[in-house]
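Asker: Got a predicted structure plus its sequence, pasted below:
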Amino acid sequence: MIKKLAATCLASCLALGLTSMAWAQDSYPSRTIRVVVPYAAGGATDFIARTIGERLTKTMGQPVVVDNKAGAAGAIGASEVARSKPDGYTLLLTITDSQINNTALYKTLAYDPQKDFVGITQIVRSPALISTPPGTGIKSIADLKAKLAAGAKLSYGSWGIGGLGHLAGETLNQNLHSEMVHVPQRGEGPVVTDLLSGTVDVGLSSVASAMQHVQVGKIVPLAVLGRQRSTTLPQVPTMNELGFKDPLYDSNVWIGMLAPAKTPPAVLERLAKEVRAAVGSPEISQLFVSRGFELMNTTPAQFAENYKAEFGVITQRIRDLKIEPR
């Protein structure tokens, strides 16, 4: 009798669990979904979030609103999402920096990117471009190397201390046995402005932010980071193609959507399905590509695998370069 009672209880619990999962999937969402972007309005993350949010509002039947919570290299917005209820109604749309770089750049963080979040999908990657103003006379990485070897004192700009552009610039300094001076900026826009005015000799920005100026000859592209060439600037070689085998050069900034840890699996499954369908639609995918982004549209499992591989490379490089935590 006791064994029968235990079996009945177990069956009831399993049935209740399955019913709860089904209920969560069927009833979600029942109210407004908030997507926190930890950077200022008008940037790439904001553009991606609002484009996806508009589509999800239609397909999921509930409003999807974007909330910009800028500051501390994405840490303010990320920490707010980490503390939120894991019910699928508060999500994070961010870039690599807030989820990887910040762990090595800050002595203390109000969130643990490895424990407090679960990835939904990496939406796009934004290839980093190494470029120069036409006035330098540099037309290739080989030209840059020769100029530095001849004793030229050059500078390079990046979108901020500890970002991929900064790490790539310092790695390039090591590879070329040079001492280009780092000029950190607050975002890619000022880097492009510096290139256009000739304030810096080399700039690291995204393809998306520089491509319109490359196309009219106002900026000279030298190389891109990543395992493949940019589909927008296919004539520009990768660093790997040029013989630079450091794994950092295979990295790119990704833009992805995450949820707080312990969000119900059924809710995560629904979100991944809807977001990936939106990104894969012809109009949105073409829009993103036309802006210089490379589609990723990963599954949650692929996101986790990519994240694990990148985390070690980027955080180790920050330590190797002795970039002091803030």
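Answerer: Nice, thanks for sending it over.

Asker: Can you tell me the element residue 231 falls in?
Answerer: Following DSSP states H and E, one finds residue 231 outside all helices and strands.

Asker: cool, residue 47 as well?
Answerer: Going by DSSP H and E, residue 47 is in helix 44-60.

Asker: Let me see the mean pLDDT of that helix.
Answerer: For helix 44-60, mean pLDDT is 95.

Asker: can you list contacts of that helix?
Answerer: 29, 33, 35, 37-40, 63-66, 68, 93-95, 123-124, 126, 206, 208-209, 255, 257, 274-275, 277-279, 281, 284, 287-288, 291, 293 (CB atoms under 8 Å, 6 or more residues apart in numbering). Backbone N, C-alpha and C define where each C-beta goes, glycine included.

Asker: I only care about the residues you listed that end up buried; give me the PyMOL line for that.
Answerer: Burial among the contacts of helix 44-60 is assessed by 16 or more other CB atoms under 10 Å; the matching PyMOL selection reads:
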select buried, resi 29+33+35+37+38+39+64+66+68+93+94+95+123+124+126+206+208+209+255+257+274+275+278+279+284+288+291+293
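
Asker: returning to that earlier point: beyond the helix holding residue 47, next helix or strand please.
Answerer: strand 64-68.

Asker: Let me know the average pLDDT across that next one.
Answerer: 97.

Asker: just checking, what packs against it?
Answerer: Judged by 3 or more CB pairs under 8 Å, 6 or more residues apart in numbering; DSSP states H and E, the packing partners of strand 64-68 are strand 33-37, helix 44-60.

Asker: quick one: contacts of the helix or strand just after it?
Answerer: For strand 64-68, the following helix or strand on the C-terminal side (DSSP H and E) is helix 75-83. Residues from elsewhere that reach helix 75-83 (CB under 8 Å, 6+ apart): 36-39, 68-71, 90-92, 94, 98-99, 102, 106, 109-113, 116-117, 258, 260.

Asker: Out of those, which sit inside strands?
Answerer: Counting by DSSP state E, these place 36-37, 68, 90-92, 94, 117, 258, 260 in strands.

Asker: Highest neighbour count among those residues?
Answerer: Highest neighbour count within the ones in strands among the contacts of helix 75-83, by other CB atoms under 10 Å: residue 92, with 30 neighbours.

Asker: Tell me, what's the model's pLDDT at that one?
Answerer: Reading off the model, residue 92 has pLDDT 98.

Asker: Then residue 41?
Answerer: Taking residue 41 on its own, its pLDDT is 83.

Asker: ok, it - how many residues close by?
Answerer: Around residue 41 there are 13 residues (other CB under 10 Å).

Asker: Am I right that residue 204 falls within a strand?
Answerer: Yes: when classified by DSSP: H, G, I helix; E, B strand; the rest coil, residue 204 is found to be part of a strand.

Asker: Which residue, other than its chain neighbours, is closest to it?
Answerer: residue 165 (3.4 Å; CB to CB, 6 or more residues apart in numbering).

Asker: Identify the residues contacting the one you found.
Answerer: 128, 157-159, 191, 204-205.

Asker: Confidence-wise, which of these comes last?
Answerer: For those, the pLDDT minimum is residue 159, 87.
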